[in-house]
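Enquirer: Build me a structure from this.
(one chain, ligands or ions: 1)
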Amino acid sequence: MNNLVEIKNLFVEYTQKSEINGRIEKVHAVNGLDLDIKKGEIFAIAGESGCGKSTLAKAVMKLIKIKSGEINIFSSKSENFYQSVQMIFQNPYSSLNPKMKIGQILSEPLEINTKLKKEEILRIVEQKLSDVGLDKSCLNLYPHEFSGGQRQRIAIARALILNPEFIIADEPVSALDVSIQAQIINLLKDLKNNFNLTFLFISHDLGVIQYISDRIGIMYLGEIVEIGNTEEIFSDPKHPYTKALLSAVPKLHDENRIKKVELEGELPSVKNLPSGCKFHTRCPYAMEICKNKNPEFTDFSPSHKGKCFLY
Ligand code: SF4
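Expert: Prediction:
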């Protein structure tokens, strides 16, 4: 399978005002991240909140500047970035303009980016609504007239309206009721298969990730520490951080019978990153070398690799 996305040695930093003393401080959000996403797969990024997942999504989406490194997207529609790459956000309510009717929200990208006639635009809008399980009775309604799940369907329809190849979904179900989450996850899976889409799927919920993804990258303090097929990550996790994440979800832990790893302490501040392996301050297996040197990737199988001196 060809790569649709290749990210090499990516660093993203930004500044923010300290809540304690008002000083401007540097946040090291993404720190030397390498990642390939294959055409037609759902690649999930998992990690605690604050690990840099959303910053990575924004960097790929060109919503924030990168400090260094490369993000290459090999799209067949390279003339217009936002025709080939779209994003689905966590909160569908804040991502839909409350003053616009659904018909306007969905037609606007076509009016701006194409020269299609009104009737053709209406036909596409109705088709996209149908693709996400809604119908044309929605066209004259406002976002507040829908439930959370329906609003997320509308946001997905808008993301699909220009027929993108690559969708970044940043916690797309975490604001929804548990009963609705499965419907939206199944919808995303169906859309991926029906339209040959590629997804970067970001979530803190390992249950959701296990269900939807083909491959997984485990992220810790702005770095990918383990990558593998979903099956490999869940049945044979190698990195102590991956084991700790799985151990924290009792159902997943019991199902996979992995040795329990307890996380020590809190996630360190991204303003003051640990030296060496960034996980050494919380790792129960940390050795002297871990404090000074950041491990390279070790291959565990052709599709599974991780960064840890234990291997
Ligand atoms: Fe733990 Fe050392 Fe492996 Fe880092 S390199 S995960 S500190 S054992």
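
Enquirer: element containing residue 228, please.
Expert: Per DSSP states H and E, residue 228 falls inside strand 223-229.

Enquirer: So which bits of the following helix or strand past that strand are buried?
Expert: Beyond strand 223-229 on the C-terminal side, the first helix or strand identified by DSSP H and E is helix 230-235. For helix 230-235, burial by neighbour count (16 or more other Cβ atoms under 10 Å) applies to 230, 232, 233, 234. Any C-beta I mention is one placed from the backbone N, CA and C, and that applies to glycine too.

Enquirer: I'd like the next helix or strand past helix 230-235.
Expert: helix 240-247.

Enquirer: if you look at that next one, does any of it touch the ligand?
Expert: Yes - using Cβ under 6 Å from any ligand atom as the criterion, contacts between helix 240-247 and the ligand involve residue 240.

Enquirer: Packing partners of that helix?
Expert: Contacting helix 240-247 under the criterion 3 or more Cβ pairs under 8 Å, 6 or more residues apart in numbering; DSSP states H and E are the following elements: strand 215-220, strand 223-229, helix 250-256.

Enquirer: Name the nearest of the buried residues of helix 230-235 relative to the ligand.
Expert: When the buried residues of helix 230-235 are compared for distance to the ligand (Cβ to the nearest ligand atom), residue 233 comes out closest, at 15.3 Å.

Enquirer: close enough to count as contact, the closest one and residue 226?
Expert: Yes - under the criterion of Cβ atoms under 8 Å, residue 233 is in contact with residue 226, at a separation of 6.9 Å.

Enquirer: rewinding a little: now render the helices and strands packed on helix 240-247 as a markdown table, adding mean pLDDT, mean neighbour count and distance to the ligand.
Expert: What follows is the helices and strands packed on helix 240-247, written out as a markdown table (pLDDT from 0 to 100; neighbours: other Cβ atoms under 10 Å; distance: least, Cβ to the nearest ligand atom, whole Å):
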| stretch | mean pLDDT | mean neighbour count | distance to the ligand |
| --- | --- | --- | --- |
| strand 215-220 | 96 | 25 | 9 |
| strand 223-229 | 97 | 24 | 7 |
| helix 250-256 | 65 | 13 | 18 |
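
Enquirer: helix/strand/coil for the closest residue to residue 144 other than its chain neighbours?
Expert: Closest residue in space to residue 144, ignoring its immediate chain neighbours: residue 98 at 6.1 Å, by Cβ to Cβ, 6 or more residues apart in numbering. Here residue 98 is coil, with the state taken from DSSP: H, G, I helix; E, B strand; the rest coil.

Enquirer: Distance of residue 98 relative to the ligand?
Expert: The span separating residue 98 from the ligand equals 46 Å under the rule Cβ to the nearest ligand atom, to the nearest Å.

Enquirer: for residue 158, same thing?
Expert: Taken as Cβ to the nearest ligand atom, the span from residue 158 to the ligand is 41 Å.
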